[in-house]
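Colleague: Sequence first, predicted coordinates after that:
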Amino acid sequence: MAVVKADAYGHGAAEVCNMLYQTGCRYFAVACIEEALHLRENGIGGNILILGNTDPSYVKQLQEFDLIQTVDSEEYALQLSAFGTVRVHVKVDTGMSRLGLYCHRETDIDATASAVSAIASLPGISVEGIFTHFADSDGVTEDFTRKQFGLFSDLLKKLEEMGVDVGIRHCCNSAGILRFPEMHLDMVRAGLVLYGLMPSPYVRDEALRPAMTLIARVSAVNTLLPGDAVSYGGVYRAEKPMRVAVLSIGYADGLSRVLSGNLSVNIGGREVKLIGRICMDLCMADLGNVPCEPGDEAVIFDSPEKIEEMAAKMGTINYEVICSLKKRVAIEYV
């Protein structure tokens with residue numbers, strides 16, 4: 001299952017799904033019905049699982065566009081059932097404490113199994129799968145993931161004993177795919193690894209290559225004199241004559257303002273440092289003696305290391321760096 005929520009992590013969901021469909025992928029996961037409808041409207045076939053809740057008033061769209069809805073409670077399943085046949089995957093909370101039927105301990109298994117059985121017996125509810133989500137598969141230790149998988153496995157065994165057909169069983173996210181091959185079950189949910197990035201420093205695969213390169217254009221090259229201020233607040237001032245490139249990217253494009261004065265970009269094969277505050281639409285870089293003219297490219301990132309460097313400086317993770325890119329950033333597929 002290809003996880004293509006958040007516009008395929010900033011890569012363009014329809015285009016990514018079309019390419020993956022051509023390679024044989026037939027399962028896709030999105031966060032909400034709006035994302036699912038976007039795929040259908042762009043001609044994407046196959047099975048689309050909505051990971052989040054969908055208001056029951058949209059059940060007709062679930063049916064019309066042949067979508068699969070995640071069910072996380074008996075009450076929610078009952079609401080969906082009132083509208084006719086709905087394809088569903090049941091989600092089990094084995095420790096994420098987010099969505100799902102609560103199953104944090106061995107003592108919860110019987111009650112959870114009963115709830116799954118009740119959901120499966122509802123008229124109009126077609127259970128095609130069951131899944132859980134790992135909370136720490138990219139962490140330092142394996143203990144919590146093994147605990148979650150143990151609970152999920154015991155639940156599946158209990159359901160089998162009860163004669164409940166739960167369909168496709170899946171639990172591995174990107175880190176789980178790389179780190180726990182014995183937990184792959186019937187299907188895995190590939191997210192970040194699809195786009196060539198590592199889930200964390202503790203889960204590595206050197207064969208991965210990032211799918212995305214982020215490039216801005218040089219809009220202008222200015223010459224400043226000593227004492228000249230750069231950008232809002234004048235927090236940066238030239239100490240000597242200098243050449244400054246104005247780049248066509250800002251925080252409204254997804255380049256975090258937190259990186260102001262704390263990031264280098266590549267122009268003409270050389271690293272140049274951003275100076276002054278990043279603006280909504282533009283930012284500035286100290287060119288030094290690097291040859292540069294308007295229209296030249298400024299590479300913001302083109303490697304996992306650069307993305308991870310940016311994430312560290314922002315106090316976040318590489319997921320957020322690529323997911324922060326906005327719609328107005330043009331995407332070119334090569």
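Modeller: Thanks, I have it.

Colleague: I'd assumed residue 237 was in contact with residue 227.
Modeller: Yes - using C-beta atoms under 8 Å, residue 227 is in contact with residue 237, at 6.1 Å. For the C-beta atoms, the positions are set from N, CA and C on the backbone; glycine is no exception.

Colleague: Which residue of the two possesses the greater neighbour count?
Modeller: Neighbours per residue, other C-beta atoms under 10 Å: of residue 227 and residue 237, the larger number sits with residue 237, 13 against 9.

Colleague: contacting residues for the more buried one?
Modeller: Contact analysis of residue 237 by C-beta atoms under 8 Å, 6 or more residues apart in numbering lists 227, 228, 229, 230.

Colleague: how about the helices of the stretch 151-300 of the chain, start to end?
Modeller: 174-179 (DSSP state H, counting those that start in this stretch).

Colleague: what residue ranges in it score low on pLDDT?
Modeller: Along the stretch 151-300 of the chain, segments meeting pLDDT under 70 are nowhere present.

Colleague: State the distance from residue 153 to residue 109.
Modeller: 10 Å (C-beta to C-beta, to the nearest Å).

Colleague: Equivalent analysis for residue 62, please.
Modeller: Residue 62 is 29 Å from residue 109, by C-beta to C-beta.

Colleague: Between the two, which is the more surrounded one?
Modeller: Shown here are residue 62 and residue 109; by other C-beta under 10 Å, residue 62 has more neighbours (25 against 19).

Colleague: give the contact list for the more buried one.
Modeller: The contact partners of residue 62, taken as C-beta under 8 Å, 6+ apart, are 33, 50, 54, 69, 80, 86, 87.

Colleague: Among those residues, which one is most surrounded by other residues?
Modeller: residue 69 leads the contacts of residue 62 on contacts (other C-beta under 10 Å) with 27 neighbours.

Colleague: Can you tell me the element that residue falls in?
Modeller: strand 68-71 (DSSP states H and E).

Colleague: Could you give the average pLDDT over that strand?
Modeller: For strand 68-71, mean pLDDT is 98.

Colleague: ditto for stretch 35-46
Modeller: Stretch 35-46 comes out at a mean pLDDT of 98.

Colleague: Quick one: distance of it to the chain centre.
Modeller: When C-alpha coordinates are averaged (C-alpha atoms, centre = their mean, to the nearest Å), stretch 35-46 and its chain have centres 18 Å apart.

Colleague: Okay, buried residues for the longest strand seen in the chain please.
Modeller: The longest strand of the chain (DSSP state E) is strand 214-224. In terms of neighbour count (16 or more other C-beta atoms under 10 Å), strand 214-224 has its buried residues at 214, 215, 216, 218, 219, 224.

Colleague: ok, the first one to residue 71 distance?
Modeller: Using C-beta to C-beta, we find residue 214 at a distance of 38 Å from residue 71.

Colleague: quick one on the thing from earlier: the strand holding residue 69 pairs with which strands, parallel or anti?
Modeller: strand 47-50 (parallel), strand 86-93 (parallel) (DSSP bridges).

Colleague: what's it in contact with?
Modeller: So strand 68-71 is contacted by 47-54, 62, 77, 80, 86-91, 99, 119, 125, 128-129 (C-beta under 8 Å, 6+ apart).

Colleague: Then stretch 44-56?
Modeller: Counting by C-beta under 8 Å, 6+ apart, 1, 5, 14, 17-18, 21, 25-33, 35-36, 39-40, 62, 65, 67-70, 72, 76, 79-80, 82-83, 89, 99, 129 sit against stretch 44-56.

Colleague: next one: stretch 99-116
Modeller: So stretch 99-116 is contacted by 52-53, 70, 72-74, 90-95, 97, 127, 130, 132-133, 151-152, 154-155, 158-159, 162, 164, 166 (C-beta under 8 Å, 6+ apart).

Colleague: Straight-line length of it, end to end?
Modeller: Start-to-end span of stretch 99-116 (C-alpha to C-alpha, to the nearest Å) is 14 Å.

Colleague: Same question for stretch 58-71.
Modeller: Stretch 58-71: ends 14 Å apart by C-alpha to C-alpha.

Colleague: list the buried ones in that stretch?
Modeller: Those buried within stretch 58-71 under the rule 16+ other C-beta under 10 Å are 58, 59, 62, 63, 67, 68, 69, 70, 71.

Colleague: Equivalent analysis for stretch 304-314, please.
Modeller: So stretch 304-314, judged by 16+ other C-beta under 10 Å, has buried residues 304, 306, 307, 308, 309, 310, 311, 314.

Colleague: Can you name the residues that contact the second one?
Modeller: What that stands for is residue 306. residue 300.

Colleague: residues making contact with the longest strand of the chain?
Modeller: 230, 238, 241-249, 265, 267, 282, 287, 292-302, 325, 329.

Colleague: Buried only: go through these for me.
Modeller: The buried subset of the contacts of strand 214-224 - by 16+ other C-beta under 10 Å - is 230, 238, 242-249, 265, 267, 282, 287, 292, 296-301, 325, 329.

Colleague: Out of the contacts of residue 237, name the ones that lie in strands.
Modeller: Among the contacts of residue 237, the members found in strands (DSSP E) are 229, 230.

Colleague: Residue 186: which of the contacts of residue 237 is nearest?
Modeller: Lowest distance from residue 186 to the contacts of residue 237 (C-beta to C-beta) belongs to residue 230, with 56.1 Å.
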